[in-house]
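**Student:** Structural data only, the sequence is not supplied:
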């Protein structure tokens, strides 16, 4: 049950005019979730890893919802949501303090919101053909979110319109790029690479330009690398480093910034049947475009819940250009995309970093849920992904994801859950689950407890 606090402004001593205004409704809510998770094939020795995680079924979070009645069926709304790891009490270092933060108006002619919000791809999947009936996805294992172009969008405008019976719901989204580019990465990386090469590498250096170093007793200058080779080596070292580093941090800062998006979704729901489809284009800071599409549906009858969906990501990379500066645009965009594709906890895999990276990923999802008793829910889901577009085949291949979960409700607010998942990738040599282990398969077991207030 959520706590509802009615803030009567007259009680704040702010004058008679404010005392007579319509009070706001402020709703404080949250989820605290912690679990123990064991996974196989972790690390260089491919041993098992058992740890506590700060969210198994759901990511721990708390938030504030605000509503003010404006009369005539209209209201003002605001939403703030902070996410954290219940095992340590710390927030995710790669996420902003508020994962969602928006304000808006809602009335007879729709709903308009402004700020950092879920994008339309996430909206249509979780509202129409979510993986589980009691939780839209499992936070510790969520391959479907790798197809959602980051799931959240900064600086977004969203307009939603629904029929009075809400059988039909449609949303349009637009977000502002705000001149977010890769210059901060270039300003950090190029001076360091220039110093390492004795000033031979600058922002205007041709990619094929040779890098020379003294060799032998006489110190004769010999070509030991190229500008492109030096940059590629620095990117590979940073990407393969399991710890945070300056280059990774610079790219992540750009990736967390503004990006221009445009998209929408349409959903129909009636008599237990829900159908929906969505599309969105994201222009990355370096100039590349990611086009994402999804469609699917679900059906509820008695204790049963069935769902199926399809997702497609098509990446249109900016050209590598001929200089180190233009090449950084290409590389930064690839890093941002690869984080979207490979970063969904234990349900992601690599798309590549360089010119041989994949440019297309497809996924189908099939699942069901069954309410065995009033307190016990069971669910199973299968995902099949296909990746293509790698110029030398290194990152072309397939991935299978499977999960079975059981959730037991002690009350309306507290539940315990257990899940087992399995991941397997196959194909080119670049298809791996993570750099440290180079593993192509992994099994996970999660047992946790969740409380909602």
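**Tutor:** Nice, I can see it. Quick caveat: nothing in here was measured; it's all calculated off a predicted structure.

**Student:** which other residues reach the helix or strand harbouring residue 193?
**Tutor:** Using DSSP states H and E, residue 193 falls within helix 183-196. Under the criterion CB atoms under 8 Å, 6 or more residues apart in numbering, residues 200-203, 230-231, 234, 246-247, 250-251, 253-254, 324-325, 328, 332 lie in contact with helix 183-196. The C-beta positions use only the backbone N, C-alpha and C, and glycine is treated the same way.

**Student:** Okay, and which of these map to helices?
**Tutor:** Among the contacts of helix 183-196, the ones falling in helices (DSSP state H) are 230-231, 234, 246-247, 250-251, 253-254, 324-325, 328, 332.

**Student:** quick one on the thing from earlier: show me which residues of the helix holding residue 193 are buried.
**Tutor:** For helix 183-196, burial by neighbour count (16 or more other CB atoms under 10 Å) applies to 184-186, 189-190, 193-194.

**Student:** any idea how far the nearest residue in space to residue 272 that is not next to it in sequence is from residue 306?
**Tutor:** Distances taken as CB to CB, 6 or more residues apart in numbering put residue 300 closest to residue 272, at 4.3 Å, once the chain neighbours are dropped. Using CB to CB, to the nearest Å, we find residue 300 at a distance of 8 Å from residue 306.

**Student:** rewinding a little: of the contacts of helix 183-196, keep whichever come out buried.
**Tutor:** Applying 16+ other CB under 10 Å to these flags 200-203, 230-231, 234, 247, 250-251, 254, 324-325, 328, 332 as buried.

**Student:** and which of the residues you listed is nearest residue 425?
**Tutor:** Residue 425 lies nearest to residue 251 out of the buried ones among the contacts of helix 183-196, by CB to CB, at 23.8 Å.

**Student:** State whether that closest one and residue 338 are indeed in contact, as I suppose.
**Tutor:** No - between residue 251 and residue 338 there is no contact under CB atoms under 8 Å: 10.0 Å.

**Student:** circling back to that earlier point, if the residue nearest to residue 272 is in a bridge, with which residues?
**Tutor:** Legend: beta-bridge partners of residue 300 under DSSP bridges are residue 305.

**Student:** that older thread, I'd like the buried residues of helix 183-196 laid out as TSV, including pLDDT and distance to residue 343.
**Tutor:** Shown next, in TSV, are those (pLDDT from 0 to 100; distance: CB to CB, whole Å):
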residue	pLDDT	distance to residue 343
184	92	21
185	92	18
186	90	23
189	90	21
190	90	26
193	90	26
194	89	31
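
**Student:** Now for the buried ones among the contacts of helix 183-196: which two are most distant?
**Tutor:** 200 and 254 (25.8 Å).

**Student:** hey, where'd the helices end up in the stretch 201-350 of the chain?
**Tutor:** Under the criterion DSSP state H, counting those that start in this stretch, the stretch 201-350 of the chain carries helices at the ranges 227-240, 246-255, 324-342.

**Student:** Turn the ones you listed into TSV, including distance to residue 434 and mean pLDDT.
**Tutor:** What follows is the helices of the stretch 201-350 of the chain, written out as TSV (distance: least, CB to CB, whole Å; pLDDT from 0 to 100):
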stretch	distance to residue 434	mean pLDDT
helix 227-240	10	88
helix 246-255	14	88
helix 324-342	8	91
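
**Student:** Can you pull out the low-pLDDT segments for this structure?
**Tutor:** For the chain, residues meeting the criterion pLDDT under 70 lie at 1-22.

**Student:** ok so residue 170 is a strand residue?
**Tutor:** Yes - looking at residue 170 with DSSP: H, G, I helix; E, B strand; the rest coil, it is inside a strand.

**Student:** That one bridge partners, please.
**Tutor:** Bridge pairing for residue 170 - DSSP bridges - gives residue 161, residue 266.

**Student:** hang on, isn't it packed against residue 267?
**Tutor:** Yes - here residue 170 lies in contact with residue 267, judged by CB under 8 Å, at a distance of 7.4 Å.

**Student:** Neighbour count: the two, which is higher?
**Tutor:** A direct count of neighbours by other CB atoms under 10 Å for residue 170 and residue 267 places residue 267 higher, at 22 against 19.

**Student:** Distance of that one relative to residue 160?
**Tutor:** Applying CB to CB to residue 267 and residue 160 gives a distance of 10 Å.

**Student:** cool, and residue 358?
**Tutor:** Counting by CB to CB, the gap from residue 358 to residue 160 is 33 Å.

**Student:** more neighbours, these two?
**Tutor:** residue 358 (28 against 19).

**Student:** Setting aside sequence neighbours, what's the nearest residue to the more buried one?
**Tutor:** residue 395 (4.2 Å).

**Student:** which residues touch the most centrally placed residue in the chain?
**Tutor:** For the chain, residue 150 is the residue whose C-alpha lies nearest the centre (CA atoms, centre = their mean; 3.4 Å). The contact partners of residue 150, taken as CB under 8 Å, 6+ apart, are 119, 282, 340.

**Student:** Please apply the same query to residue 76.
**Tutor:** 66-68, 70, 103-106.

**Student:** ok, now with 6 Å
**Tutor:** 68, 70, 105 (CB atoms under 6 Å, 6 or more residues apart in numbering).

**Student:** possible to save these as JSON lines with neighbour count?
**Tutor:** Formatted as JSON lines, the contacts of residue 76 follow (neighbours: other CB atoms under 10 Å):
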{"residue": "68", "neighbour count": "16"}
{"residue": "70", "neighbour count": "13"}
{"residue": "105", "neighbour count": "15"}
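
**Student:** could these be laid out in TSV, adding secondary structure and distance to residue 50?
**Tutor:** Shown next, in TSV, are the contacts of residue 76 (DSSP: H, G, I helix; E, B strand; the rest coil; distance: CB to CB, whole Å):
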residue	secondary structure	distance to residue 50
68	strand	48
70	strand	53
105	strand	49
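
**Student:** hmm, who's touching the lengthiest strand in the chain?
**Tutor:** Counting by DSSP state E, the longest strand found in the chain is strand 24-42. The contact list for strand 24-42 (CB under 6 Å, 6+ apart) reads 2-5, 7, 48-50, 52-53, 55-58, 60-68, 86-87, 140, 437, 439, 442-448, 450-453.

**Student:** distance between it and the chain's centre?
**Tutor:** Put simply, strand 24-42 sits 16 Å off its chain's centre (CA atoms, centre = their mean, to the nearest Å).

**Student:** Pairing partners for that strand, with directions?
**Tutor:** Going by DSSP bridges, the partners of strand 24-42 are strand 3-7 (antiparallel), strand 47-53 (antiparallel), strand 61-71 (antiparallel), strand 441-452 (antiparallel).

**Student:** Tell me which residues touch the residue nearest to residue 358, please.
**Tutor:** Neighbours of residue 395 in contact, by CB under 6 Å, 6+ apart: 352, 357-358, 428, 430.

**Student:** and with 7 Å instead?
**Tutor:** 350-352, 356-358, 387, 428, 430-431 (CB atoms under 7 Å, 6 or more residues apart in numbering).

**Student:** quick check, nearest of the ones in helices among the contacts of helix 183-196 to residue 112?
**Tutor:** Nearest to residue 112 among the ones in helices among the contacts of helix 183-196, with distances taken as CB to CB, is residue 254, at 28.5 Å.

**Student:** Let me know the distance separating that closest one from residue 285.
**Tutor:** Counting by CB to CB - residue 254 and residue 285 are separated by 5 Å.
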